[in-house]
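Peer 1: Just need the structure, nothing else, for what follows:
(chains A and B)
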Protein chains: 2
Amino acid sequence: MTPVHVIQSVAEARPALRKLWRSGATVGSIHTLGALHAAHGELIKRSSAENDHTIVTVYPNKIQLFEGCVYQYNLDEDIDLAQRCGATIVIASDDAEMYPPEYATYIDQGERAHRLNSSIFDYASRGQVTGAIRWISLCRPTASYFGMKDIEQSLLVARAVEDLLIDCDIRHVPCVRDTQTAVPVSSRLRFLPPERLQEVGAVYHALELGRLAILAGQTKSATILAEIRERLEPQLSTFKIAYLTLVDADDFGPIDEARLPFILHCAITDGTLNHFDGLCIRTDEELQNSPAVIWI
Amino acid sequence: MTPVHVIQSVAEARPALRKLWRSGATVGSIHTLGALHAAHGELIKRSSAENDHTIVTVYPNKIQLFEGCVYQYNLDEDIDLAQRCGATIVIASDDAEMYPPEYATYIDQGERAHRLNSSIFDYASRGQVTGAIRWISLCRPTASYFGMKDIEQSLLVARAVEDLLIDCDIRHVPCVRDTQTAVPVSSRLRFLPPERLQEVGAVYHALELGRLAILAGQTKSATILAEIRERLEPQLSTFKIAYLTLVDADDFGPIDEARLPFILHCAITDGTLNHFDGLCIRTDEELQNSPAVIWI
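Peer 2: Numbering: from 1, shown residues only, chains lettered A, B, ... in the order given. Sure thing, here's the model as predicted:
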């Protein structure tokens, strides 16, 4: 195993990246907030299989976190996981370098960026998309990998990359779920006790029920969502539903009738912790078999 | 003279650009709306002197033009001028390719992008900056050249490139002015009769009076602006002042006291045609001698 090249700032990364681009090698990238886990590992492994080099960036992007939130991560552990999964370069940075006082530029995608997740935490997707576009602009990867756990972010980043004419292939990697509970592997859920993980997993099963109703011929969104809610609500005790919606997969606007491509999306909250889950169904095949999942 | 490589779409440009990047050559770029004139020529010549390749893009970016505006240009003439000034590649596109129905992404720079020019034509700078960032993302130039005739655009694009971590040097080229009238060389002014050009040129001379007042020790913005206005107003007949302001050169917010770096900026209008002129003064040297001008 070649030792991973660790670069501790954007400034230091630039000359190394220029050398990499000139080499003509293919480059995959994974952009993280740190606290890497098995789901990041899947993204890194896939990039490593598909590219000559894999860059992992580690920076808890402050504009997509609640103000005052301290994101817990250990860079050495992250470097270790990245390396074991096939990363060749890790780039880290900090708030002082990423957001100097004169910083002023954001990616605006209109209404669509204020629906789903961002209807709960305003500007979440603006922060996520701006953060991702900045790292992609810096690294100029051939391909960049985004997990379908965060459907909103994955699709908005793909839209931004296409719109901004950036020469990068955005590859969506299936959501990674725990085989026992169906809970998505996530840094924010890792401390929950088993009975609360049960509640979180119930969201996925309830959304699956919605998919099956649509597959069986039900088209009315109101009916589909009522069925999901009826199934889910009795299974929640420490969480409640913040929203449950059926939306167009392009602009995330609610639709009255289910038609491809669509997203069934649900947020639950305990007042502090918000959890989002969804099924992004773009093809007949996904409607038939459900979107792909990496079960671990 | 090597014949310029003309590429008629973004789709066609991608493989040619990848080949160019792999060659390790330095690349300069100039992004235009078409209708190239001597001021574009200066940008192209400078890029040509400083880089192995020079890309000129030609596309009348619809999101920075008034709705329904038909921008008159002749691609063959533009190619010819670009080639004579040293361009090696011309890339053209059209609305259908640049703004398909699903297009959704804009560069947002907050309040600063709604001051100066954009206070008259809302979203002008959003359109200009988004347009420039798209072409820079596509072309990945080593350096991109922007004229200081459009102070607002030049500085906002530089801010966006820095904030988005794009590895490109934004080089500001002095405003190109007619030696007789001091009028900036501009596609929108080229049809004005001599007596109206006199009015346009008066703006520059009046702003210069403001600079001299500051150099002589005057610091109160209100006093400086009143002096400029007193000089300028009697010289306008078909135009009137839309605004006259002294602003911070970073966020374009009005300042009460002149201090470096600042911009003296003025808009005149006849109700249809808006003309903007300004002095961007960042250093003692610029305060002493006025910002550089290319007189032709």
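Peer 1: residue ranges for the strands of chain A, please.
Peer 2: Using DSSP state E, the strands of chain A run over A:5-7, A:27-32, A:53-58, A:89-92, A:106-108, A:143-147, A:169-173, A:175-177, A:240-248, A:262-269, A:274-281, A:293-295.
Peer 1: Output those as CSV; include the columns mean neighbour count, mean pLDDT and distance to residue B:144.
Peer 2: C-beta: built from backbone N, CA, C; applies to glycine. Shown next, in CSV, are the strands of chain A (neighbours: other C-beta atoms under 10 Å in any protein chain shown; pLDDT from 0 to 100; distance: least, C-beta to C-beta, whole Å):
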stretch, mean neighbour count, mean pLDDT, distance to residue B:144
strand A:5-7, 18, 98, 25
strand A:27-32, 26, 98, 23
strand A:53-58, 27, 98, 24
strand A:89-92, 22, 98, 24
strand A:106-108, 22, 97, 19
strand A:143-147, 22, 98, 23
strand A:169-173, 17, 98, 24
strand A:175-177, 23, 97, 39
strand A:240-248, 18, 98, 36
strand A:262-269, 22, 98, 38
strand A:274-281, 22, 96, 37
strand A:293-295, 14, 97, 41
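Peer 1: Output those in JSON lines; the columns should cover distance to residue B:165.
Peer 2: Output for those, formatted as JSON lines (distance: least, C-beta to C-beta, whole Å):
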{"stretch": "strand A:5-7", "distance to residue B:165": "13"}
{"stretch": "strand A:27-32", "distance to residue B:165": "12"}
{"stretch": "strand A:53-58", "distance to residue B:165": "11"}
{"stretch": "strand A:89-92", "distance to residue B:165": "11"}
{"stretch": "strand A:106-108", "distance to residue B:165": "13"}
{"stretch": "strand A:143-147", "distance to residue B:165": "14"}
{"stretch": "strand A:169-173", "distance to residue B:165": "18"}
{"stretch": "strand A:175-177", "distance to residue B:165": "28"}
{"stretch": "strand A:240-248", "distance to residue B:165": "31"}
{"stretch": "strand A:262-269", "distance to residue B:165": "30"}
{"stretch": "strand A:274-281", "distance to residue B:165": "28"}
{"stretch": "strand A:293-295", "distance to residue B:165": "30"}
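Peer 1: out of these, nearest to chain B?
Peer 2: Among the strands of chain A, strand A:106-108 comes nearest to chain B, with 3.8 Å by C-beta to the nearest C-beta.
Peer 1: Need the contact partners of that closest one.
Peer 2: Strand A:106-108 is touched from outside by A:63, A:126, A:129, A:130, A:133, A:160, B:105, B:106, B:107, B:108, B:109, B:110, with contacts defined as C-beta atoms under 8 Å, 6 or more residues apart in numbering or on different chains.
Peer 1: quick one: which of those residues sit in helices?
Peer 2: Taking DSSP state H, the ones among those that sit in helices are A:126, A:129, A:130, A:133, A:160.
Peer 1: So among those residues, which ones count as buried?
Peer 2: For the ones in helices among the contacts of strand A:106-108, a burial check counting by 16 or more other C-beta atoms under 10 Å in any protein chain shown picks out A:126, A:129, A:130, A:133, A:160.
Peer 1: and residue A:70, how many neighbours?
Peer 2: Counted with other C-beta atoms under 10 Å in any protein chain shown, residues neighbouring residue A:70 total 7.
Peer 1: same question, the one 5 residues further on
Peer 2: Other residues lying near residue A:75 total 15 when counted by other C-beta under 10 Å.
Peer 1: Check residue A:291 too.
Peer 2: Neighbour tally, residue A:291, other C-beta under 10 Å: 20.
Peer 1: That one touches residue A:277, doesn't it?
Peer 2: No. Assessed by C-beta atoms under 8 Å, residue A:291 is found out of contact with residue A:277, at 11.5 Å.
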